[in-house]
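In: no sequence on hand, only this structure:
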């Protein structure tokens, strides 16, 4: 942390976000940022709203595809067993179970397009008219299963995207399309063994993200204008697949999550450039990814869910890549852990985030924890009750002991029944409590410990009360 006039200051939280590690990061970054709102009031650190389970025990499978329909209903599609649930005004109902004529029943892609909801299983494309898709009886009567047949019949991915009034669907090394109600199984093809895992947009073009196999570090992004016989751009990175496209608020800039070690790239229309990594400890037995439809945006910020593949290399939940204004840089944080708890503790390991869906200002997140499934909704009546932050490692002179007599948190607001807790870790030991004193005249909370250490980290935990929570202006450490 920077030292200025004898004070180590920690502020401008919206300019730093998550650090690369506890040892390194850009100015203003923090080692942990879980459950915080960095952007809604520039320069002020607020507690984020919490995710709350919205589905009770209705959901029985991980939903990796979702559609927000123009009929006011959202639909969630099982990745494994063909089940489809609808959410109408907070009422969740199992409305249909897909039984394809061939191939597996799990849904690998879904979208609303020109008056129909389309969903894809391994070998078949199915659809139902939007106006006839409310309730189980309506689905049974009106669904058109096996409406079209894929040629390649990819067993894991059928991403979908609409561009230039045409629906495009990935199928192995083919791009299928629906144009004016007519299905074409091969509108474009790429070379095998490449498989289309994800689709994105840039300008009026579409982007094809590819995957070969978990053992092959070769991922290619293709840019296509949707009508030429060949591509208008191509770039390659040594990663295990282009997993998901994260569209930014800039039409000429797209973020891409690629590979299994949390890497995020910027794509400017021609080249992929490494941008940031989801912080974690990755190895051959510890890895994860972002699923193609585990992406959305809310209030102009990019949201994506990181899922455990094996070994829990990084915290799993809904990350945010955003900036406060057009003049700020994009930074990374983790505002939304899922609703699952172990006692009062967050559960951020062993989790898969299947799909993320923004519906107006509402946000829905589907997840799996072992054999437990759920779909959460952002709760605007309650703040995140278990969030916290941790500073990067603070070092004055590594070879000497320094004395840290106090740590101060300056707040803009500390509502009734809320509080700020301060803990410290010296020389890599476990966090210990401090005795905090709240000075309501100066609007600060300060610890009363005098800690002697060569290295120090500070942890701050807010106590919330319903929808009330502390609002932090800055923090400071006073070494001697």
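Out: That came through fine. Note that the coordinates shown come from a computational prediction; the quantities given were computed from them, not determined experimentally. Numbers count the residues shown, from 1 in each chain.

In: strands along the stretch 201-350 of the chain, start to end?
Out: For the stretch 201-350 of the chain, the strands defined by DSSP state E, counting those that start in this stretch cover 205-211, 219-224, 233-237, 242-247, 254-258, 263-267, 272-277, 287-289, 295-298, 301-310, 317-322, 331-336, 341-342, 345-346.

In: ok, residue 73 touching residue 134?
Out: Yes. In this structure residue 73 lies within contact range of residue 134 using Cβ atoms under 8 Å: 6.3 Å. Backbone N, C-alpha and C define where each C-beta goes, glycine included.

In: overlap in contacts of those two?
Out: Counting by Cβ atoms under 8 Å, 6 or more residues apart in numbering, the residues touching both residue 73 and residue 134 are 86, 88.

In: out of the two, name the residue with the larger neighbour count.
Out: The residue with more neighbours, out of residue 73 and residue 134, is residue 73; 21 against 18, by other Cβ atoms under 10 Å.

In: mind listing what that one touches?
Out: Residues in contact with residue 73 (Cβ under 8 Å, 6+ apart) are 86-88, 133-134.

In: among these, which lie within strands?
Out: 86-88 (DSSP state E).

In: and which of those residues is nearest residue 383?
Out: Closest approach between the ones in strands among the contacts of residue 73 and residue 383, by Cβ to Cβ: residue 87, at 23.7 Å.

In: residues contacting the closest one?
Out: 54, 73-76, 364, 375.

In: same question, residue 270
Out: Neighbouring residues of residue 270 by Cβ under 8 Å, 6+ apart: 223, 233, 235.

In: include pLDDT and neighbour count when you put the residues you listed into JSON lines, please.
Out: Below are the contacts of residue 270 laid out as JSON lines (pLDDT from 0 to 100; neighbours: other Cβ atoms under 10 Å):
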{"residue": "223", "pLDDT": "97", "neighbour count": "19"}
{"residue": "233", "pLDDT": "93", "neighbour count": "16"}
{"residue": "235", "pLDDT": "97", "neighbour count": "17"}
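
In: want to throw those into TSV with distance to residue 31?
Out: Compiled in TSV, the contacts of residue 270 are given as follows (distance: Cβ to Cβ, whole Å):
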residue	distance to residue 31
223	37
233	38
235	33
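
In: packing partners for the helix or strand hosting residue 358?
Out: Using DSSP states H and E, residue 358 maps to strand 351-359. With contacts defined as 3 or more Cβ pairs under 8 Å, 6 or more residues apart in numbering; DSSP states H and E, strand 351-359 has these neighbours: strand 63-68, strand 74-78, strand 295-298, strand 301-310, strand 317-322, strand 362-369.

In: out of these, the one nearest residue 196 is which?
Out: Once those are compared by Cβ to Cβ, strand 63-68 is nearest, at 15.4 Å.

In: list the neighbouring strands of that closest one plus their orientation.
Out: strand 74-78 (antiparallel) (DSSP bridges).

In: and the angle from the partner strand to strand 362-369?
Out: For strand 74-78 and strand 362-369, the angle between their directions (axes from the mean of the first three to the mean of the last three Cα atoms, to 10 degrees) works out to 10 degrees.

In: tell me where the stretch 101-250 of the chain has helices.
Out: With helices called from DSSP state H, counting those that start in this stretch, the stretch 101-250 of the chain shows them at 136-142.

In: specify the beta-bridge partners of residue 298.
Out: Per DSSP bridges, the residues bridged to residue 298 are residue 301.

In: contacts only, for the closest residue to residue 259 other than its chain neighbours.
Out: Leaving aside its chain neighbours, residue 259 sits nearest to residue 239 (3.3 Å; criterion: Cβ to Cβ, 6 or more residues apart in numbering). Listed by Cβ under 8 Å, 6+ apart, the contact set of residue 239 reads 217-219, 258-259, 263.

In: what about the longest strand in the protein?
Out: Determined from DSSP E, the single longest strand within the chain is strand 372-383.
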